[in-house]
Structures are given as structure tokens and as C-alpha cells.
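S.K.: structure of the sequence below:
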Amino acid sequence: MVELKTDTSIDAMHAAGRVVGRALTAVREAARVGVSLLELDEVAREVLREAGASSPFLGYRPSFAPTPFPAVICASVNDAIVHGIPTRYRLRDGDLLSVDCGAVLDGWAGDSAISFVVGTARPADLRLVETAERALAAGIEAAVPGNRIGDIAHAVGRVCRTAGYGVPQGFGGHGVGRRMHEEPEVPNEGRPGRGLPLRPGMVLAIEPMLIASGRDGYHAAPDGWTLCTDDGSRAAHVEHTVAITESGPRILTARVPA
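M.R.: Okay, here's the model as predicted:
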């Protein structure tokens, strides 16, 4: 069942989304060569603590996971697509890092992700990240009353495929509300005009995931959480929580100063 949020609820979700935006900004500023992924996780934890927010990631255990998630961010490096567990790994020059973060504030959740290069960037990585951002923007633009879930999925997938990138199947966006993951699912590929109609009050996480090689294959790492590209090529992941309103899509997780 899809819950339609009131304007008051969406404002409350915006407050949670601002905490997420601050956490991601702080993590990006702290992500330098030699910094460990665990240190970045602590940066995000501090932002959540200061805001009086909790993490929907910490302790989360969906059906596929062998253990509860042990951190407040997902930190996915290079060939890791999503769900990377922060470890003692220290960032190296040229690493492509995707960071996913969530927050729950006053009972409402926000969820967002960024991808960026640490240190010296390869042009190919910059193109990959830029395309991911364009795919996200296209998906958000399609998130309007009168459209359907398939219109968002088609908009995202068209940008990815036109640029020659792979799209891992079976993972994508989702509804957001009092829980981080709610109905409906929001795929990263689909047919326009198909699927659930979009109505004011729906709040969705739209999250393109791109594989640089153009192939779609992925597998779970030994930790049971991290999804990695089958061919070792690099990946990017970006995400915003977006409310559908009569006046157009409203981004609830915009990046704000830490």
C-alpha cells in the first residue's frame, strides 16, 4: 500500500532530508586520500548525533542480508555498485566513491546518495558520474502527477543506456516515509505510461545505478552486502528523496552545508 503524505508530513521529511544532505556534504569534504571508510562513517554519525537523528541503515537487515548492516553510510569504492560496508580501507588517489546515507528525524526518513572521485579524476569516471546525475535529474523531472512509475524508470534508463552504461537489474528506487523502504518500487528501466499512477503526496527515492562497461552483471561480495560489477568495471550511484506535488517535484534531500 502506498501512503500519500500531507504537506505537513512532507515538510517533516524535508527536515530529515536536510540532515542527510548535511551528512553527505560532510563526508564528501572529509573524503581525501588516506582517509579510511570507517572514518567517513564516523563523520556521518556525528552529523546525525548533532541533529538528534537516527540512522535507518544501522542494524538494518533485509531478507537477503546475512547480518545486520553495521554502519550509518554505505561506502562503495570503484567496482562496488551499492551497499558497501565501511572498513579500514584507506582511500587512494583516483578512487571512485559512492556514499549512501539515510536519517530518521521525528519519525520520518530521508535517503540520498552521491558519487565522486577522490583526488585525481579519470575523465571516464567524471563522465560516468555526470551521466548518473543527468539520469537522476531526468527521473526527477518525470516525477509529476499524471505520469506513472514507468515514466520515471524510462527517463532514468534512457539516459543510462544512451550513454552506453550498464544498469544492474533488480535494484532501484523505492517509496520513503516513516520507513526508509516503502512501496512502490521505482526501477531504473521501464516502459513509459506503465505502472502505478503518480499522485500528489507520494514520496519516492529515485536512484540511478550505472556500470561503466555497459554490461549489467553484478554479484554479492563475500560480506553478503556489497554488490560488485562482474567485470570489475567502475560504478556510480546517486539518489534523492523526492515528493510529488501539484506544483512539481520537490527534492527533500538537497545538499546543504555540514
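S.K.: got the phi and psi for the nearest residue in space to I211 that is not next to it in sequence?
M.R.: Leaving aside its sequence neighbours, I211 sits nearest to G166 (C-beta to C-beta, 6 or more residues apart in numbering; 3.3 Å). In this view, the C-beta of every residue, glycine as well, is placed from N, C-alpha and C. Main-chain torsions, G166, degrees, to the nearest 10: phi -80, psi 160.
S.K.: contacts only, for G166.
M.R.: For G166, the contacting residues are C160, L210, I211, A212, S213, G214, R215, D216, G217, T229, S233, by C-beta atoms under 8 Å, 6 or more residues apart in numbering.
S.K.: and if we set it to 10 Å?
M.R.: 81, 160, 209-218, 229-231, 233, 235 (C-beta atoms under 10 Å, 6 or more residues apart in numbering).
S.K.: of those residues, which count as buried by neighbour count?
M.R.: Buried residues within the contacts of G166, counting neighbours by 16 or more other C-beta atoms under 10 Å: I81, C160, M209, L210, I211, A212, S213, Y218, T229, S233, A235.
S.K.: how about the one helix or strand the second one maps to as PDB, C-alpha atoms only?
M.R.: What that stands for is C160. Assigned by DSSP states H and E, C160 belongs to helix 149-162. Output of helix 149-162 as PDB, limited to C-alpha atoms (Å, rounded to 0.1, in the frame of the first residue of the first chain):
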ATOM      1  CA  ILE A 149       6.300   4.900 -12.300                       C
ATOM      2  CA  GLY A 150       7.200   3.600 -15.800                       C
ATOM      3  CA  ASP A 151       7.800   7.200 -16.900                       C
ATOM      4  CA  ILE A 152      10.400   7.700 -14.200                       C
ATOM      5  CA  ALA A 153      12.000   4.400 -14.900                       C
ATOM      6  CA  HIS A 154      12.100   5.100 -18.600                       C
ATOM      7  CA  ALA A 155      13.600   8.500 -18.100                       C
ATOM      8  CA  VAL A 156      16.400   7.200 -16.000                       C
ATOM      9  CA  GLY A 157      17.100   4.200 -18.100                       C
ATOM     10  CA  ARG A 158      17.200   6.100 -21.400                       C
ATOM     11  CA  VAL A 159      19.900   8.400 -20.200                       C
ATOM     12  CA  CYS A 160      22.000   5.500 -18.900                       C
ATOM     13  CA  ARG A 161      21.600   3.300 -22.000                       C
ATOM     14  CA  THR A 162      22.100   6.200 -24.500                       C
END
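S.K.: now it: average pLDDT?
M.R.: For helix 149-162, mean pLDDT rounds to 98.
S.K.: what comes into contact with whichever helix or strand comes after that helix?
M.R.: Using DSSP H and E, the helix or strand that follows helix 149-162 in sequence is strand 173-175. Here strand 173-175 makes contact (C-beta under 10 Å, 6+ apart) with 1-3, 5, 111, 136, 139, 149, 152-153, 156, 180-188, 196, 202-209, 239-242.
S.K.: again, only using 7 Å
M.R.: By C-beta atoms under 7 Å, 6 or more residues apart in numbering, the list of residues contacting strand 173-175 from outside reads V2, H181, E182, E183, P184, E185, V186, V203, L204, A205, I206, E207.
S.K.: got a ChimeraX select line for the buried ones in the residues you listed?
M.R.: The following ChimeraX line selects those of those that are buried, judged by 16+ other C-beta under 10 Å:
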select :181,182,184,185,186,203,204,205,206,207
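S.K.: quickly name whichever of the contacts of strand 173-175 is closest to V35.
M.R.: E207 (24.6 Å; C-beta to C-beta).
S.K.: hey, what's the closest residue in space to the closest one that isn't next to it in sequence bridged with?
M.R.: Spatially, and ignoring its direct neighbours in sequence, E207 is nearest to E239 (3.5 Å; C-beta to C-beta, 6+ apart). For E239, the beta-bridge partners under DSSP bridges are A113.
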